[in-house]
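> Model the following, please.
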Amino acid sequence: MSALASPQLAWALLAVSIAFNVSHNALLKAAAALPLGTLRWATLGALALALGGLNALCFSLSLRSLHLGLAYPAFAGASVVLTLAGGRVLFSEPLSWQKLAGASLVVAGIALARWQGAGSS
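Model (predicted):
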């Protein structure tokens, strides 16, 4: 078994991919507040694109050991929850009970998929 096929490494790569994805989205939000064409806007945009590429690389490498049907929901759900939290902390975006309930349902769905996935091959 190659090192890239290790399930532990695959989950670590998925976690890194999620972090890159959330950071990518935060940089896009920050860049959107700047005047178009400025150096700061271009720098944040370039960093966001780089993180998006690294996100795709880490996610694709994680799929060497993880099933897409489990990895993608985990990726999407964690990204939703962390992006909500980041929006609140970094940009003072409001958190309604509906958003919190929706994020809770996403987490519950991932846990259910993981639980089901653990018992099947």
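> Return the distance of the lengthiest helix in the chain from the chain's centre.
The longest helix of the chain (DSSP state H) is helix 7-32. The chain centroid and the centroid of helix 7-32 are separated by 5 Å under CA atoms, centre = their mean, to the nearest Å.
> Quick one: residues in contact with whichever helix or strand comes after that helix.
Note on helix 7-32: by DSSP states H and E, the next helix or strand toward the C-terminus is helix 39-62. Residues outside helix 39-62 that contact it (CB atoms under 8 Å, 6 or more residues apart in numbering) are 4, 10-11, 13-14, 16-17, 20-21, 23-25, 27-28, 30-31, 34-35, 71, 75. (Glycine included, C-beta is placed from N, CA and C.)
> Pull helix 39-62 out as PDB, backbone CA atoms only.
Extracted in PDB, the C-alpha atoms of helix 39-62 (Å, rounded to 0.1, in the frame of the first residue of the first chain):
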ATOM      1  CA  LEU A  39      -3.100  45.700  -6.100                       C
ATOM      2  CA  ARG A  40      -4.800  44.400  -2.900                       C
ATOM      3  CA  TRP A  41      -7.800  43.100  -4.800                       C
ATOM      4  CA  ALA A  42      -5.500  41.300  -7.300                       C
ATOM      5  CA  THR A  43      -3.300  39.900  -4.500                       C
ATOM      6  CA  LEU A  44      -6.300  38.500  -2.500                       C
ATOM      7  CA  GLY A  45      -7.800  37.200  -5.800                       C
ATOM      8  CA  ALA A  46      -4.500  35.400  -6.700                       C
ATOM      9  CA  LEU A  47      -4.200  33.900  -3.200                       C
ATOM     10  CA  ALA A  48      -7.800  32.700  -3.400                       C
ATOM     11  CA  LEU A  49      -7.100  31.100  -6.800                       C
ATOM     12  CA  ALA A  50      -4.000  29.400  -5.400                       C
ATOM     13  CA  LEU A  51      -5.900  28.000  -2.400                       C
ATOM     14  CA  GLY A  52      -8.700  26.800  -4.700                       C
ATOM     15  CA  GLY A  53      -6.100  24.900  -6.700                       C
ATOM     16  CA  LEU A  54      -4.500  23.400  -3.600                       C
ATOM     17  CA  ASN A  55      -8.000  22.500  -2.400                       C
ATOM     18  CA  ALA A  56      -8.700  20.500  -5.600                       C
ATOM     19  CA  LEU A  57      -5.300  18.800  -5.400                       C
ATOM     20  CA  CYS A  58      -5.700  17.700  -1.800                       C
ATOM     21  CA  PHE A  59      -9.300  16.600  -2.300                       C
ATOM     22  CA  SER A  60      -8.400  14.600  -5.400                       C
ATOM     23  CA  LEU A  61      -5.500  12.900  -3.500                       C
ATOM     24  CA  SER A  62      -7.800  12.100  -0.600                       C
END
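> Sounds good, over and out.
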